[in-house]
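Student: Sequence and predicted structure below; questions after.
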Amino acid sequence: MPIWSEILAELAQSREQDGPPDFDGVRRKYLLKLHQHTSRNVVLYASGWIQKEAPAAYISISDEDIHALMEVTSGLSGGNLDLILHSPGGSPEAAEAIVSYLRSRFSHIRVIVPQLAMSAATMISCAADEILLGKHSFLGPTDSQILLTTSLGIRFVPAQAILDQFDRAQEECSDPAKLSAWLPMLSQYGPDLLVQCETALNLSKELVRTWLETYMFKDSPDSFKKASAISDWLANHKNFKSHSRHISRTDLLKHQLKVIELEKDHILQDLSLSVFHATTHTFTGTPAVKIVENHTGRAFIKQHIPPPPPQTVQVDLGIGPNQPV
């Protein structure tokens, strides 16, 4: 298997004279080889949030991704799709639209996670017929996050944590001595915040449960029970303590998700990880921050070029070391 450093060496060899490495050519070579091995359509969806800092709108799952997926699935034939997914997550509503679109195009979907598919990307993974994970691959919790403007700035806060904090406040505020400590925190709650939290949590669980029942467990006699148990587990903030918690293949198998060990097909593993390594090098060496691409080379690539740092202007006031100011 070409490991990260070997893909880097291959990119160095791809340079012509003093030109840049052929990032696109190397990445697309392995995408095509993967398609030739599986005889399935292959789509890469990857964000470069690990390699560089970029605004969330550039790297997260968003409604713009529908245009990207329409672009890269155009002309693909057959009902089978392998989706290589590497993403920090994003909008659950956009994830719902992505699942709806891909499921209208393909009858059998495998999600291949080369490293991380977190939050809304985990939700998309749960809409697959199978999830392929290596020992190095992880999903994440699906508990909803609420964007709050607080005295400490704009923050994403777990919806369940807000509900739990409010319950605790109700209990402790019965003691007048504790009321003054709670007032600054409670003043940050808008009139509809608690309802928003409950709705967001219910949406996350409902989407994951519905997709698992409809696709992954469609042939299981207890599909609703299994899907409900998994969706509740993934959405429960108390189970994971952090929205960024990495959920291993072992834990996912314990909770009966249909997870296939990537190592069972060594060629598939090698080619999938070669695609991924080439993609991470693309993020490091180019302005690309999101790549959506198929095995034919059709691509939608999002770029972000950060603005230059502000220049410091020095002003000479003509004041010598012994002159009074």
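Tutor: Here it is on my side, so go on.

Student: where exactly do the helices run in the stretch 151-300 of the chain?
Tutor: For the stretch 151-300 of the chain, the helices defined by DSSP state H, counting those that start in this stretch cover 159-172, 176-186, 193-211, 223-235, 237-240, 249-254, 266-285.

Student: Give me the mean pLDDT for stretch 41-58.
Tutor: Stretch 41-58 carries an average pLDDT of 94.

Student: now the end-to-end length of it.
Tutor: Length of stretch 41-58, first residue to last, CA to CA, to the nearest Å: 25 Å.

Student: List the buried residues in it.
Tutor: Within stretch 41-58, the residues scored as buried using 16 or more other CB atoms under 10 Å are N41, V42, V43, L44, Y45, A46, S47, G48, W49, Q51, A54, Y58. The way it works is simple: take the backbone N, C-alpha and C, and place the C-beta from them, glycine included.

Student: so which of the helices of the stretch 151-300 of the chain comes closest to L81?
Tutor: Closest of the helices of the stretch 151-300 of the chain to L81 is helix 266-285, at 14.0 Å (criterion: CB to CB).

Student: just how off-centre is the closest one within its chain?
Tutor: Helix 266-285 has its C-alpha centroid displaced from the chain centroid by 17 Å (CA atoms, centre = their mean, to the nearest Å).

Student: same deal with stretch 207-218?
Tutor: Using CA atoms, centre = their mean, the offset of stretch 207-218 from its chain centre is 19 Å.

Student: mind saving the C-alpha coords of it as PDB?
Tutor: Extracted in PDB, the C-alpha atoms of stretch 207-218 (Å, rounded to 0.1, in the frame of the first residue of the first chain):
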ATOM      1  CA  LEU A 207     -33.300  11.300  10.400                       C
ATOM      2  CA  VAL A 208     -30.800   8.700  11.500                       C
ATOM      3  CA  ARG A 209     -33.500   6.300  12.700                       C
ATOM      4  CA  THR A 210     -35.400   6.700   9.400                       C
ATOM      5  CA  TRP A 211     -32.300   6.200   7.200                       C
ATOM      6  CA  LEU A 212     -31.100   3.200   9.200                       C
ATOM      7  CA  GLU A 213     -34.500   1.600   9.100                       C
ATOM      8  CA  THR A 214     -35.000   2.300   5.400                       C
ATOM      9  CA  TYR A 215     -31.600   1.300   4.100                       C
ATOM     10  CA  MET A 216     -29.100  -0.400   6.400                       C
ATOM     11  CA  PHE A 217     -31.700  -2.600   8.200                       C
ATOM     12  CA  LYS A 218     -34.300  -2.800   5.500                       C
END
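
Student: I'd like the mean pLDDT over that stretch, please.
Tutor: Rounded mean pLDDT across stretch 207-218 is 97.

Student: contact partners of that stretch?
Tutor: With contact meaning CB atoms under 8 Å, 6 or more residues apart in numbering, stretch 207-218 is reached by 92, 95-96, 99, 103, 109, 123, 126-130, 142, 223-224, 226-228, 230-231, 234-235, 257-258.
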